[in-house]
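Visitor: Structure, please.
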Amino acid sequence: AGAIFYGGSKIYHNVNFTSTGNQFIYDYNIFDKVTVNGNNFTIYGNNVFDTLYFNNSGQAITLEAGKTQTIIDTMYAAGTCTGLTVLKSSIASTQATISKASGSLTVNYLIFQDINAVGGATFNANNSVQISNVTGWNFVSPPPQNLYWVGGSGNWDDPLHWATTSGGIGGSCIPTPYDNVFFDTLSFTGINDTVYFNPTVGYCKNMDWTGEQNNPLFFSVFSGALKIFGSLTYIDSMYEAISSYNFESTVTGNTITTAGHILSGFSFNGTGGSWILQDTLNISYINVTRGSFYSNNQVINCANSFNSNSTVARGVYLGTSTVNVGGTNWGMFWTTLLTMDADSATINMTTNAGAIFYGGSKIYHNVNFTSTNNAFIEDINTFNKVNVNGNFTINNNNTFDTLYLNNPGKTVTLKAGKTQTINNSFMTNAFAGFP
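Guide: Residues are numbered from 1 along each chain as shown. This is a model prediction of the structure:
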């Protein structure tokens, strides 16, 4: 079971967390020594440690965003190449801070996200990876590798299934964000062999299944996230069931080939990165928080919502794509720093549960609300053409070249005090008794 230490902002000698469950420290405390064995450890508040010892490689360490953990003497945190330890802030894009006044603080095989180091000490991170928003550390990153899956069925985090040559001998490190991974003709020993994606979070740079012909399965054991720092290439002769994909690259020119598979969901999170679709995308959801997503004029079938919800710069470039959204929301939020290219795309809101189009005050080509249920447009947008089949509400000032209400017997509501501008045609389809 997990352990919660409500210290009450007092002074303590030694505190040992012996369990491997989730563990927490709360309040503003002072410790001589804290030893942690758990897989997930979270520190809230500003605390002072003479010695802070993380005694479990591969664990996740979370520090409260906006707070400072002060180290007087020693902080020990070391993963291994087969079990990287994650050190991150509790809030994405908001830093947590580690402070040490003098000397040095050195960690090994860590993955950093939103962590700041301050004070007169030298902060060294050997064989470690910075994902985003990390300052004050000297990084010595592990050398990038090409890693090949070998030995048929097995767990992602088993080093015996990773070799440095195609068909080679396993026993290498498991993939890091710097490593390209390949699944090829020598990866599997039988039909339908399975790669069990079993970590909470797994990493790679580029992932490529080109050449594999044994119809393997790529399957999430738990609800783990696959974080890809480069490109993704699937093939049609495989089966895929990964819980979620996070694209984290900070460079441009990454590509995504899905080979027609129906995937769980894509989140694009890499500052400065870009991703270009190579074929039709069948997906549960899309969320663009950082970087730039290019549809490359491909068809996108999004079973749930298509969102961009972030306060940082990012881009959604849809070209001439047809985007079919089966969920409730088209959601473009906090759009001051969002670049949107949708003025040649067609967006079909196909849900029968009611559709809400949060346009983010951008320019759109054609938007079709195909259901006869409720539909809403939010924000101050410009449209070439909007087609509506159900009850329809517009909640701000919008501009339409053509607005077509193909909804006899339905209700159209325009928000009081707002203006809908029609540049060309306003068409309705009704019949006697149902205006």
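Visitor: count of neighbours near the residue nearest to Leu263 when sequence neighbours are not counted?
Guide: Among residues not flanking Leu263 along the chain, Ile283 sits closest, at 5.1 Å (Cβ to Cβ, 6 or more residues apart in numbering). (Glycine included, C-beta is placed from N, CA and C.) Residue neighbour count, defined by other Cβ atoms under 10 Å, stands at 19 for Ile283.
Visitor: now this structure, which segments are flagged as low pLDDT?
Guide: 430-435 (pLDDT under 70).
Visitor: Need phi/psi at Ser244.
Guide: Dihedral angles phi and psi of Ser244 (degrees, to the nearest 10) take the values phi -160, psi 150.
Visitor: for it, what are its contacts?
Guide: Shown in contact with Ser244 (Cβ atoms under 8 Å, 6 or more residues apart in numbering): Ser223, Gly224, Ala225, Leu226, Ser264, Gly265, Ser267.
Visitor: for Ala225, same thing?
Guide: So Ala225 contacts Thr200, Val201, Gly202, Ser243, Ser244, Tyr245, Asn246 (Cβ under 8 Å, 6+ apart).
Visitor: Inside strands: which ones of the residues you listed?
Guide: Val201, Gly202, Ser244, Tyr245, Asn246 (DSSP state E).
Visitor: filter those residues to the buried ones?
Guide: Gly202, Ser244, Tyr245, Asn246 (16 or more other Cβ atoms under 10 Å).
Visitor: okay if I get the ones in strands among the contacts of Ala225 as TSV plus distance to Gly45?
Guide: Output for those, formatted as TSV (distance: Cβ to Cβ, whole Å):
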residue	distance to Gly45
Val201	25
Gly202	31
Ser244	31
Tyr245	34
Asn246	29
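Visitor: Of these, just say which sits nearest to Asp179.
Guide: Within these, the smallest distance to Asp179 is 11.1 Å, found for Gly202 (Cβ to Cβ).
Visitor: Does the closest one touch Val221 like I think?
Guide: No - in this structure Gly202 lies outside contact range of Val221 using Cβ atoms under 8 Å: 10.8 Å.
Visitor: measure Ile347 to Gly202 for me?
Guide: 33 Å (Cβ to Cβ, to the nearest Å).
Visitor: sorry, that was for Val412
Guide: Distance from Val412 to Gly202, by Cβ to Cβ: 49 Å.
Visitor: buried set for the helix or strand hosting Gln69?
Guide: Secondary structure assignment for Gln69, by DSSP states H and E: strand 68-77. By 16+ other Cβ under 10 Å, the buried positions in strand 68-77 come out as Thr68, Gln69, Thr70, Ile71, Ile72, Met75, Ala77.
Visitor: Specify the beta-bridge partners of the third one.
Guide: Okay, so that is Thr70. Val48, Ser99 (DSSP bridges).
Visitor: pretty sure it contacts Val48?
Guide: Yes - assessed by Cβ under 8 Å, Thr70 is found in contact with Val48 at 4.6 Å.
Visitor: quick one on the thing from earlier: kindly export the strand holding Gln69 (C-alpha atoms) in PDB.
Guide: Output of strand 68-77 as PDB, limited to C-alpha atoms (Å, rounded to 0.1, in the frame of the first residue of the first chain):
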ATOM      1  CA  THR A  68      11.800  24.200  -4.000                       C
ATOM      2  CA  GLN A  69      13.400  21.100  -2.500                       C
ATOM      3  CA  THR A  70      16.700  22.200  -0.800                       C
ATOM      4  CA  ILE A  71      19.500  19.600  -0.500                       C
ATOM      5  CA  ILE A  72      22.200  20.400   2.200                       C
ATOM      6  CA  ASP A  73      24.500  17.500   1.500                       C
ATOM      7  CA  THR A  74      23.500  14.600  -0.800                       C
ATOM      8  CA  MET A  75      20.700  13.600  -3.200                       C
ATOM      9  CA  TYR A  76      21.100  10.100  -4.700                       C
ATOM     10  CA  ALA A  77      18.900   9.200  -7.700                       C
END
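Visitor: same for it, what does it pack against?
Guide: With contacts taken as 3 or more Cβ pairs under 8 Å, 6 or more residues apart in numbering; DSSP states H and E, strand 68-77 sits against strand 47-54, strand 96-99, strand 104-108.
Visitor: Quick one: residues in contact with it.
Guide: 43, 46-55, 61, 63, 85, 87, 96-101, 105, 107-108, 110, 118.
Visitor: Could you give the separation of it from the chain centroid?
Guide: 30 Å (Cα atoms, centre = their mean, to the nearest Å).
Visitor: ok, back up a step: out of the contacts of strand 68-77, which are buried?
Guide: Buried by 16+ other Cβ under 10 Å: 43, 46-52, 54, 61, 63, 85, 87, 96-100, 105, 107-108, 110, out of the contacts of strand 68-77.
Visitor: Can you get me a residue count around the nearest residue to Asn108 once chain neighbours are set aside?
Guide: Nearest residue to Asn108, sequence neighbours excluded (Cβ to Cβ, 6+ apart): Ala78, at 4.3 Å. Neighbours of Ala78 under the rule other Cβ under 10 Å: 17.
Visitor: What backbone torsions are found at Thr165?
Guide: The phi/psi pair for Thr165 (degrees, to the nearest 10) is phi -140, psi 160.
Visitor: and it, how many neighbours?
Guide: Thr165: 12 neighbours (other Cβ under 10 Å).
Visitor: Run a quick check on it versus Tyr148, I expect a contact.
Guide: Yes - with contacts counted by Cβ under 8 Å, Thr165 reaches Tyr148, the gap being 6.4 Å.
Visitor: now the helices and strands packed on strand 68-77 in JSON lines, with distance to Ala355?
Guide: Below are the helices and strands packed on strand 68-77 laid out as JSON lines (distance: least, Cβ to Cβ, whole Å):
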{"stretch": "strand 47-54", "distance to Ala355": "47"}
{"stretch": "strand 96-99", "distance to Ala355": "39"}
{"stretch": "strand 104-108", "distance to Ala355": "48"}
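Visitor: can you pull the contacts of Val316?
Guide: Val316 neighbours (Cβ under 8 Å, 6+ apart): Val288, Ser292, Phe293, Ser308, Met332, Leu338, Thr339, Met340, Asp341, Ala342.
Visitor: Where does Ala353 sit: helix, strand or coil?
Guide: The three-state assignment at Ala353 reads coil, by DSSP: H, G, I helix; E, B strand; the rest coil.
Visitor: Can you tell me how far it is from Gly417?
Guide: Relative to Gly417, and taking Cβ to Cβ, Ala353 is found at 29 Å.
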